[in-house]
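Q: Here is the input, now give the coordinates:
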Amino acid sequence: MLLALVIQVTLAEYIQFWGKKPDLVLILIAVNGFLRGTREGAFSGFAAGLLKDLISGNLWGVGVVSGLVVGYAAGFAESRLFKENRVIVFGVIWVTSFLGQLVSYILLSMTGLGLAPGIAAWQIIIPTSTYNALLGIVFYGLYYRSVQKGLLSREAKV
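A: Below is the predicted model:
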């Protein structure tokens, strides 16, 4: 997560597509939740959101709450959906990315910092969710193998 956060802060400008930057931390929160369940998803979302808030300097708590929602929602799908299907992975990451950004939008709107709902949805939330989901498929394959048999497996010894 920390590596994704560093890449997010330093290199995200260079991997823009249609002027949208991916949220690498959110992608990893969703993938982790989908593979490990609600408890670990919510915990990783909270922790990553806290780090994101500390490093980014954005409104305190927005990253925490949106990360928590993304991790828990992805974890909710863990035992209900087939993990090896890339279309399902795309859908889970898209929906959780949409939810996370919607939560961020609502929290920012409550403070008077939000955009008009239509602009936020069509120009930011939907395109970014799509980009996150497409990029998430790539990360998912690597993360899935690592959780099953690699460094992140429950049997791996550190």
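
Q: Only C-alpha atoms from now on, for both contacts and neighbour counts.
A: OK.

Q: Gly49 versus Leu115, what's the distance?
A: 22 Å (C-alpha to C-alpha, to the nearest Å).

Q: who has more neighbours, those two?
A: Taking other C-alpha atoms under 10 Å, Leu115 and Gly49 do not tie; Gly49 has more neighbours (25 against 14).

Q: Export only the CA atoms of the helix or strand hosting Ser146, formatted as PDB.
A: Using DSSP states H and E, Ser146 falls within helix 126-149. The C-alpha coordinates for helix 126-149 follow below in PDB (Å, rounded to 0.1, in the frame of the first residue of the first chain):
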ATOM      1  CA  ILE A 126     -17.600   7.700 -13.900                       C
ATOM      2  CA  PRO A 127     -14.400   8.200 -16.000                       C
ATOM      3  CA  THR A 128     -12.100   7.700 -13.000                       C
ATOM      4  CA  SER A 129     -14.000   4.600 -11.900                       C
ATOM      5  CA  THR A 130     -13.600   3.100 -15.400                       C
ATOM      6  CA  TYR A 131      -9.900   3.900 -15.500                       C
ATOM      7  CA  ASN A 132      -9.400   2.400 -12.000                       C
ATOM      8  CA  ALA A 133     -11.300  -0.700 -13.000                       C
ATOM      9  CA  LEU A 134      -9.300  -1.200 -16.200                       C
ATOM     10  CA  LEU A 135      -6.000  -0.600 -14.400                       C
ATOM     11  CA  GLY A 136      -7.200  -2.700 -11.500                       C
ATOM     12  CA  ILE A 137      -7.500  -5.800 -13.700                       C
ATOM     13  CA  VAL A 138      -3.700  -5.700 -14.200                       C
ATOM     14  CA  PHE A 139      -3.000  -5.200 -10.500                       C
ATOM     15  CA  TYR A 140      -5.500  -7.900  -9.600                       C
ATOM     16  CA  GLY A 141      -3.600 -10.600 -11.400                       C
ATOM     17  CA  LEU A 142      -0.300  -9.800  -9.700                       C
ATOM     18  CA  TYR A 143      -1.900  -9.400  -6.300                       C
ATOM     19  CA  TYR A 144      -4.100 -12.500  -6.600                       C
ATOM     20  CA  ARG A 145      -1.000 -14.700  -7.300                       C
ATOM     21  CA  SER A 146       0.900 -13.200  -4.400                       C
ATOM     22  CA  VAL A 147      -2.000 -13.800  -2.000                       C
ATOM     23  CA  GLN A 148      -2.400 -17.400  -3.200                       C
ATOM     24  CA  LYS A 149       1.200 -18.500  -3.300                       C
END
